[in-house]
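>>> okay, sequence plus prediction incoming.
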Amino acid sequence: MIYLDNASTTKPSSGVIDAISDALNNFGNPSSMHRLGIDAENIIKKAKENASKILSVSPNNIYFTSGGTESNNTAIFGACHANIKKGKHIITSKIEHPSVLTPFKMLEEEGFEVSYIGTDENGILDLEEFENELREDTIFVSIMLVNNETGAIMPVDKLKPIMKKKSPKALLHIDAVQGFGKVLLKPKQWGVDLLSASGHKIHAIKGTGLLYINDNVLIKPFICGGGQQKNMRSGTENVVGISAFSKACEEICNYNAEYVRNLREKLKNGILENIDRVKINEAVSEYQAGHILNVSFLGLRSEILLHSLEMHQIYVSTGSACSTNKPMPSHVLSAIGCSAEEIDSAIRFSFSEDITDEDIDKTIEALIKEVATIRKYVRK
Ligand SMILES: Cc1ncc(COP(=O)(O)O)c(C=O)c1O
């Protein structure tokens, strides 16, 4: 099996599986006062430390959630509702994940005014448009770190200085689900107020994630009840999931970004050298994450190629598989100016350190064969 769909989800590492089994034996409730409770509480404490190291922030600012979607929803609804008296203008981009775009649409229905910022043809946030849209009454901005379809890295480090000039009250939220542990991430230095990450993108398990909330950020809790996690997220903590996420955070510290980028470059060059009528949907190298490669194979439908590759046990995606399993035109590729044909024929390859050079050679071989076969069939 050659699994090239790591932006959808990743395989839990063996270290993570061991951590899960240990945590299952440590079954105490972290709120209990006896030893079993304290053992479970210590797992959570350690997890906060491991996660905070990736962000270079204090463990006290980490809250565990059920994943990127919950973190994004909590940040967006929680901060916008808590700060409504300061203004009703909020900003995001056109290429966000549905777990950001849908809450924004819902807030728009509630009466918030929303600006959706576009990108240049490389899929990078248009900073000039961003600056122009900022207003005195802007209270919240949400921009992703790495786009899940193209791998373009957004200039999130440049946002807060611009915001301070024009919208000093506005909070900055970063959806870092696709970049966490894989690309440069300095929330403190960049003035980030809230940040979302997800465990299953870094070899932990589904249903795990975190929300970083900086000190003094006014935010309403999303889940209320017993007051766990400093009242921000009530409910007995998912100790097993948190320990899986904790181990994955520890392991991702050794992430070999250069190795993964080389796999991407090898596949990209192999495609360009051997297959005609292809378009690489990417940013300039400085703004391109090394673990995602989006390619349009013109003259065919991407689902057909996806299933042809599946016969070789090569698993890829047509776009953002985790947002929908129904084929829908990609709002991301459309926003960055791709034609209908480029969108219909786009395949996303996403890499992990488990992939080898040999896997890439086999993938190129399979692509050469399958693209030619499908195109021949389409022409007839
Ligand atoms: C950029 C981005 N944000 C949010 C999410 C949602 O994360 P989760 O699947 O953990 O809810 C995803 C999932 O693919 C994503 O790619």
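Sure, I can see it.

>>> measure how buried Asp39 is and give me the count.
Here the number of neighbours of Asp39 (other C-beta atoms under 10 Å) works out to 17. (C-beta placed from N, C-alpha, C; glycine too.)

>>> the ligand contacts on this structure?
Within the chain, the positions near the ligand by C-beta under 6 Å from any ligand atom are 67-69, 72, 97, 99, 144, 148, 175, 177-178, 198, 200, 209, 322.

>>> one more time with 5 Å, if that's ok
Counting by C-beta under 5 Å from any ligand atom, the residues of the chain close to the ligand are 67-69, 97, 99, 148, 175, 177-178, 198, 322.

>>> tell me where the model's unsure across this protein.
319-327, 379-380 (pLDDT under 70).

>>> for the residues of the chain next to the ligand, which single residue is the most surrounded?
Asp175 leads the residues of the chain next to the ligand on contacts (other C-beta under 10 Å) with 33 neighbours.

>>> tell me if I'm right that it and Val192 touch.
No - Asp175 is not in contact with Val192 according to C-beta atoms under 8 Å; the separation is 10.9 Å.

>>> so which of the residues of the chain next to the ligand are in strands?
Counted as lying in strands by DSSP state E, out of the residues of the chain next to the ligand, are 175, 198.

>>> and which of the residues of the chain next to the ligand is nearest Lys247?
Ser198 (15.0 Å; C-beta to C-beta).

>>> if you drop the residues flanking it in sequence, what lies closest to that closest one?
Gly68 (3.6 Å; C-beta to C-beta, 6 or more residues apart in numbering).

>>> shouldn't the one you found be in contact with Ser196?
Yes - contact criterion C-beta under 8 Å: Gly68 and Ser196 qualify, at 5.4 Å.

>>> hey, what's in contact with both of those two?
Contact criterion C-beta atoms under 8 Å, 6 or more residues apart in numbering; residues shared by Gly68 and Ser196: 175, 177, 209.

>>> how about the contacts made by the last one?
Applying C-beta under 8 Å, 6+ apart, one finds that Gly209 lies in contact with 64-68, 70-71, 177, 196-199, 245.

>>> what does the first one give?
Taking C-beta under 8 Å, 6+ apart as the definition of contact, the neighbours of Asp175 are 68, 72, 96-97, 99-100, 142-145, 195-196.

>>> between those, which has the most around it?
Ser196 (31 neighbours).

>>> partner residues bridging that residue?
For Ser196, the beta-bridge partners under DSSP bridges are Asp175, Leu211.

>>> make residue 1 into 354 and carry on from there
Let's use 354 as the start, then, which means that last one is Ser549.
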